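A.B. asks: Take this sequence and fold it.
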Amino acid sequence: MTTITPLEKLTVPLGGQVIELQQLDYDAGGMSLLRTRIREKSRFTVFEIDPRTARLWGEALLRWAQTQPQPDPLAQDPA
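C.D. replies: Predicted coordinates:
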């Protein structure tokens, strides 16, 4: 049996994809895995990764995000 714990649910502003992160814990004493579910309209992509892969992927996402310009929260909409 597997216990599934919801961790995070995000909606992508452009495109509307829904990203869900869940922790999978196996009762048989196996390691925990991170399940990523991406829903795009009626299509789902689901994959499960180990902690090491999750760490490497997360670090890669952060490196990319840190190179992007940050929006100015004080800037006003030109409309």
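
A.B. asks: ok, now how distant is residue 4 from residue 33?
C.D. replies: The gap separating residue 4 from residue 33 is 10 Å, by Cβ to Cβ, to the nearest Å. Where C-beta positions appear, they are placed from N, C-alpha and C, glycine not excepted.

A.B. asks: Now list whatever residues contact both of the two.
C.D. replies: Residues touching both residue 4 and residue 33 (Cβ atoms under 8 Å, 6 or more residues apart in numbering): 23, 24.

A.B. asks: of these two, who's got more company?
C.D. replies: residue 33 (19 against 10; other Cβ atoms under 10 Å).

A.B. asks: Read off the pLDDT value for the more buried one.
C.D. replies: In this model, residue 33 is scored at 96, pLDDT.

A.B. asks: tell me the contacts of it?
C.D. replies: 23, 24, 48, 49, 50.

A.B. asks: of those residues, closest to residue 61?
C.D. replies: residue 49 (12.9 Å; Cβ to Cβ).
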